[in-house]
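> using only what follows, build the 3D model:
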Amino acid sequence: MNPTSQQMLWMYETMIRIRQYEETMAKVYLEGKLPPQIQKGLAFDIGSGPVPGEMHLAAGQEPVAVGVCAHLRRQDTVVGTHRPHHFAIAKGVELRPMTAEMFGKQSGLCRGKGGHMHLFDLDHHFSCSGIVGASMPPACGAALAAKKRGQDLVAVAFFGEGAANQGTFHESLNLAALWRLPVVFVCEDNKYAISVEKSQSTSVAWNTERAAAYGMAAGRVEHNDAQAVFEAAGAAVERARSGQGPSLIEVRTDRYFGHFQGDPEVYRPKDEVAQLREHDPIDRLARQLRDGGLLDDAADTTLRARVASEVADAFEWARQAEYPAVGEALLHVFH
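Presented below is the predicted three-dimensional model:
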C-alpha cells in the first residue's frame, strides 16, 4: 500500500511538527536546571523550572508515529508509552492543552495532574502511561470493546523493544490472537531500553519472531523510513479493521536525545547520535517528496514557518495559563 500525495505531505508536516515540539521542549525543560545551579554545588533539580518531573523526548522516532497514525480514524484508539509526544501529535491531540498539561496547568488535558507521561485525550482516543509495557492491555481492551459493539475500529499499542520482555507483551499477544482482536502492536526498536542494548536483553534479533508463537501476522521495517512504516502499518490496520485479527510490527528507529533529559548517555559511543542524524528521516522524506514533485524550497519554508509558529504559540499559551487552585488536588481522585 503506497501513500497518496496528500498522505505523504501530511506525514512530512507532522514529522516537522513533532521535531519542532521536541526540540523546543528540550530547551524549555532545562530552564531552572542549567549548569549555573550545578556550579553552585547543587544537584540537578528535577522539580525546578516551568516543566517539573522527568521528560522523555522522541526526536528521531517520528516515522513510527506518522506511518501508523496516517491510517487511523479519530475514533480509533492509540495507547502510547512514557515517550508519548510523537504519538499524541500524530493522533491529532491539540498542542495547547497537551503542553499546558506538562506545565502543570489547570487547562491541561488532565488539569495538570498527569504530566507528560500520563496524557489522556478522550476526544482523540489517546492515552499513555509511565509504566513500561502498560500500553498493550488497554489496547486489547479497546479492541475487544470495538469487536463487541460490531464497530470496524482499530486499537494500536506502541511500546519499546525493552517492553517486549515484559509479561504484558506475551499476555496481550496471546489474548489478542486467541480472540482475534482488531489490535496492532507496534514495537519501536531504538536500540536501548534505558541504557541496555537490545542484544544484551533480548534473545531474538527481532521481536516479530515472537509473533509466530501466537499465530500472529508480523512485519518488520529495518530502516527509519516513514513511507516504509506506512506500508507495513497499512496491511496491519486493514487486517484488523476487516476482522482478520491482530498484527505485530517492529520498526528500527533512532533516539536522538537521552533516555530522559539529563541523561549523561555514558552508555552510547560519543559520535553515535551524530552518525544517526546523517540519516535523518525528515530529510529522507523531504527528498522523496522533492523527487515526486510534491515539495519545493518555497513550500518547505512556508510549512516550517507555520509549524514553528504553532509550536511557539502552544508553549506561550501554556506559560500564561493558570495553575490549578489548591483544592483541585482533591478533585477527580479516588477516595
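> pull out the buried positions in stretch 197-205.
Within stretch 197-205, the residues scored as buried using 16 or more other Cβ atoms under 10 Å are 198, 202. C-beta: built from backbone N, CA, C; applies to glycine.
> ends of that stretch, how far apart?
End-to-end distance of stretch 197-205: 12 Å, with Cα to Cα, to the nearest Å as the criterion.
> quick check, distance from that stretch to the centre of its chain.
Remark: stretch 197-205 is offset 22 Å from the chain centroid, using Cα atoms, centre = their mean, to the nearest Å.
> could you do stretch 147-160 as well?
Centre-to-centre, stretch 147-160 and its host chain are 17 Å apart (Cα atoms, centre = their mean).
> dump it to CSV, restricted to CA.
Presented in CSV, the C-alpha positions along stretch 147-160 are these (Å, rounded to 0.1, in the frame of the first residue of the first chain):
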residue,chain,number,x,y,z
LYS,A,147,-15.5,-6.0,18.4
LYS,A,148,-18.3,-6.5,21.0
ARG,A,149,-20.0,-3.4,19.6
GLY,A,150,-19.7,-4.5,16.0
GLN,A,151,-17.5,-1.5,15.1
ASP,A,152,-14.8,-1.6,12.5
LEU,A,153,-12.4,0.3,14.8
VAL,A,154,-8.8,-0.5,15.5
ALA,A,155,-6.6,-0.1,18.6
VAL,A,156,-2.8,0.4,18.4
ALA,A,157,-0.4,-0.3,21.2
PHE,A,158,3.0,1.4,20.9
PHE,A,159,5.9,0.1,23.0
GLY,A,160,9.7,0.0,23.1
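> buried ones in it?
Within stretch 147-160, the residues that count as buried by 16+ other Cβ under 10 Å are 147, 153-160.
> and stretch 311-328, by the same measure?
Here stretch 311-328 shows 311, 314-315, 317-318, 321, 324 as buried, counting by 16+ other Cβ under 10 Å.
> pLDDT, secondary structure and distance to T99 added to those, as CSV?
Formatted as CSV, the buried residues of stretch 311-328 follow (pLDDT from 0 to 100; DSSP: H, G, I helix; E, B strand; the rest coil; distance: Cβ to Cβ, whole Å):
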residue, pLDDT, secondary structure, distance to T99
V311, 98, helix, 9
A314, 98, helix, 4
F315, 98, helix, 6
W317, 98, helix, 7
A318, 98, helix, 4
A321, 97, coil, 9
P324, 93, coil, 16
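> now those residues in JSON lines, with distance to M1?
Shown next, in JSON lines, are the buried residues of stretch 311-328 (distance: Cβ to Cβ, whole Å):
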{"residue": "V311", "distance to M1": "31"}
{"residue": "A314", "distance to M1": "32"}
{"residue": "F315", "distance to M1": "36"}
{"residue": "W317", "distance to M1": "37"}
{"residue": "A318", "distance to M1": "37"}
{"residue": "A321", "distance to M1": "41"}
{"residue": "P324", "distance to M1": "45"}
